[in-house]
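Colleague: Here's a sequence, model it:
(one chain, ligands or ions: 2)
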Amino acid sequence: MEAKSATILAIESSCDDTSAAVIKDGKVLANIIASQKIHTEWGGIVPELASRAHHQHIIPVVDKALQTAGVTKRELSAIAYTGGPGLLGSLMVGSSFAKAMALSLNIPSIAVHHMKAHIMAHFIDEPKPNFPFLCLTVSGGHTQIVKVNDYLDMEVIGSTIDDAAGEAFDKCAKIFGLTYPGGPLVDKYAKEGNSSAFSFSKPKVDGLSFSFSGLKTSVLYFVQNQTQKDPEFVNKHLNDLCASLQKTIVDILMEKLLLAADEYDIKDIAIAGGVSANSLLRSELEALQDKGFKTFIPAFQYCLDNAGMIAMTAYFQYLANDFASLDFEPKARWAI
Ligand code: KG4
Ligand code: ZN
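Modeller: Numbering: from 1, shown residues only. Ligands and ions are numbered 1, 2, ... in the order given. Got it, this is the predicted structure:
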């Protein structure tokens, strides 16, 4: 793809983080993220509260991104936004804002696929994977193995038949009495725990499919059972419970990723999405380097939802003249 000079403002608002980034000629100059704390007290994301919080944050976040990048609105070549998948109300705040700004500046807009963008986070910093590579994309809403043939050419070769890996972390964390989102807390407590203390059943699903709903049920029954015998069970064993849960989820993910690498004979493998912030998953992936794999993990700030990854994808869409019309409707569901 021929490089062209472009300065793009990108907006991400698919879930509970409002983020804006600026990219100039393929280099991310600013990546500002405002997270929404409000959902913690509800034990999960409340869609209407998320939309309202995006509405409050979007102008200050965009202003800060432009300021940090040292770029004025007049210098922008295009405005990008997350077109989906995600919460519809949240997507509508970011997309309406982006379209209105593009219209007023008389520049094109670019609709970006959120899950593709998680993968494109690998092209923000060095080292960058070579094509084709495999990416395990694991977030609160998705668990997929994607074969990445080129910047904008990706195919899903495996996915979950029920819950996503992040959802499994969050739902089991809730059973342990932890606040939302539980994934980072499980990771934290697991550091002090013994991962072989408890054993949770692993799903038996064929091929490159994942399943996590059975694990959640098995954790629930186990905890209910133990708590009947000792009401303090979870408090006494929180670290071991978290370590055992984390090990089970990471084992399930790694097993399928290795199966895919073998099936497709690909040695460049990557992880992306919120769960790629997990310390055990990161270290298990890195350990594969000893087995002849080249492994890739985005910098921490580009693992969780962020507009930097939207900006990176938008840059390649810009080069490919892949612009959205102003009547593009955000999509709650959108296949890769
Ligand atoms: O990609 P992301 O920020 O948002 C979605 O697009 O869903 O992913 C959020 C998910 C949540 O389920 C969260 O618990 C999980 O990523 N997560 C983690 C960790 N950090 C975030 N899961 C396990 N360990 C972590 N350190
Ligand atoms: Zn995400």
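Colleague: CA atoms for contacts and neighbours, from now on please.
Modeller: Noted.
Colleague: what about the nearest residue to residue 250 once chain neighbours are set aside, neighbour count?
Modeller: Nearest residue to residue 250 in three dimensions, chain neighbours excluded: residue 281, at 5.8 Å (C-alpha to C-alpha, 6 or more residues apart in numbering). Neighbour count of residue 281, defined by other C-alpha atoms under 10 Å: 22.
Colleague: Quick check: the gap between residue 281 and ligand 1.
Modeller: Residue 281 sits 8 Å away from ligand 1, going by C-alpha to the nearest ligand atom, to the nearest Å.
Colleague: Does that residue lie in a helix or a strand, and which?
Modeller: For residue 281, the host element (DSSP states H and E) is helix 279-287.
Colleague: give the contact list for the residue positioned nearest the centre of the chain.
Modeller: Centroid-nearest residue in the chain: residue 273, 2.6 Å away (criterion: C-alpha atoms, centre = their mean). Applying C-alpha atoms under 8 Å, 6 or more residues apart in numbering, one finds that residue 273 lies in contact with 115, 118, 119, 137, 138, 139, 303, 304, 305.
Colleague: What residues does the stretch 151-300 of the chain have near ligand 1?
Modeller: The interface of the stretch 151-300 of the chain toward ligand 1, taken as C-alpha under 6 Å from any ligand atom, is made up of 166-167, 169-170, 181-184, 187, 273-275, 277-278.
Colleague: let's see 8 Å
Modeller: For the stretch 151-300 of the chain, the contact set with ligand 1 under C-alpha under 8 Å from any ligand atom comprises 165-170, 180-188, 246, 272-279.
Colleague: Can you classify residue 144 as helix, strand or coil?
Modeller: strand (DSSP: H, G, I helix; E, B strand; the rest coil).
Colleague: Which residues are in contact with it?
Modeller: So residue 144 contacts 135, 136, 137, 138, 156, 157, 158, 159, 160 (C-alpha under 8 Å, 6+ apart).
Colleague: Packing partners of whatever helix or strand residue 92 lives in?
Modeller: Using DSSP H and E, residue 92 maps to helix 88-105. Using 3 or more C-alpha pairs under 8 Å, 6 or more residues apart in numbering; DSSP states H and E as the contact criterion, the elements in contact with helix 88-105 are strand 7-12, helix 47-69, strand 78-84, strand 109-113.
Colleague: So which residues make contact with that helix?
Modeller: 11-16, 47-48, 50-51, 54-55, 58, 73-74, 78-84, 108-109, 326, 330-332.
Colleague: Strands of this protein, start to end?
Modeller: 7-12, 17-24, 27-35, 78-84, 109-113, 133-138, 143-150, 153-159, 268-272, 294-296 (DSSP state E).
Colleague: Same list, the ones you listed, but as JSON lines with mean pLDDT please.
Modeller: What follows is these, written out as JSON lines (pLDDT from 0 to 100):
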{"stretch": "strand 7-12", "mean pLDDT": "98"}
{"stretch": "strand 17-24", "mean pLDDT": "97"}
{"stretch": "strand 27-35", "mean pLDDT": "96"}
{"stretch": "strand 78-84", "mean pLDDT": "98"}
{"stretch": "strand 109-113", "mean pLDDT": "98"}
{"stretch": "strand 133-138", "mean pLDDT": "98"}
{"stretch": "strand 143-150", "mean pLDDT": "98"}
{"stretch": "strand 153-159", "mean pLDDT": "98"}
{"stretch": "strand 268-272", "mean pLDDT": "98"}
{"stretch": "strand 294-296", "mean pLDDT": "98"}
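Colleague: and those, which is most packed in?
Modeller: Of all the strands of the chain, strand 7-12 carries the top mean neighbour count, a mean of 31, counting by mean count of other C-alpha atoms under 10 Å.
Colleague: what sits up against that strand?
Modeller: Applying C-alpha under 8 Å, 6+ apart, the set of residues contacting strand 7-12 is 18-25, 62, 66, 75-82, 94-95, 98, 305-308, 310-311, 314-315.
Colleague: rerun at 7 Å
Modeller: 18-25, 75-82, 94, 306-307, 310-311 (C-alpha atoms under 7 Å, 6 or more residues apart in numbering).
Colleague: ok, and which of those residues reach ligand 1?
Modeller: Answer for these near ligand 1 (C-alpha under 8 Å from any ligand atom): residue 306.
Colleague: what's the spacing between residue 224 and ligand 1?
Modeller: For residue 224, the distance to ligand 1 - C-alpha to the nearest ligand atom - is 22 Å.
Colleague: Next: residue 4.
Modeller: Distance from residue 4 to ligand 1, by C-alpha to the nearest ligand atom: 29 Å.
Colleague: pLDDT score for that residue?
Modeller: Note for residue 4: predicted pLDDT of 79.
Colleague: ditto for residue 142
Modeller: 93.
Colleague: so who does it touch?
Modeller: Residue 142 neighbours (C-alpha under 7 Å, 6+ apart): residue 164.
Colleague: Backbone dihedrals for it, both of them.
Modeller: Note on residue 142: its backbone torsions stand at phi -140, psi 150 [degrees, to the nearest 10].
Colleague: measure the closest residue to residue 34 other than its chain neighbours to residue 174 for me?
Modeller: Nearest in space to residue 34, with sequence neighbours left out and distances taken as C-alpha to C-alpha, 6+ apart, is residue 18 at 5.2 Å. Distance from residue 18 to residue 174, counting by C-alpha to C-alpha, to the nearest Å: 24 Å.
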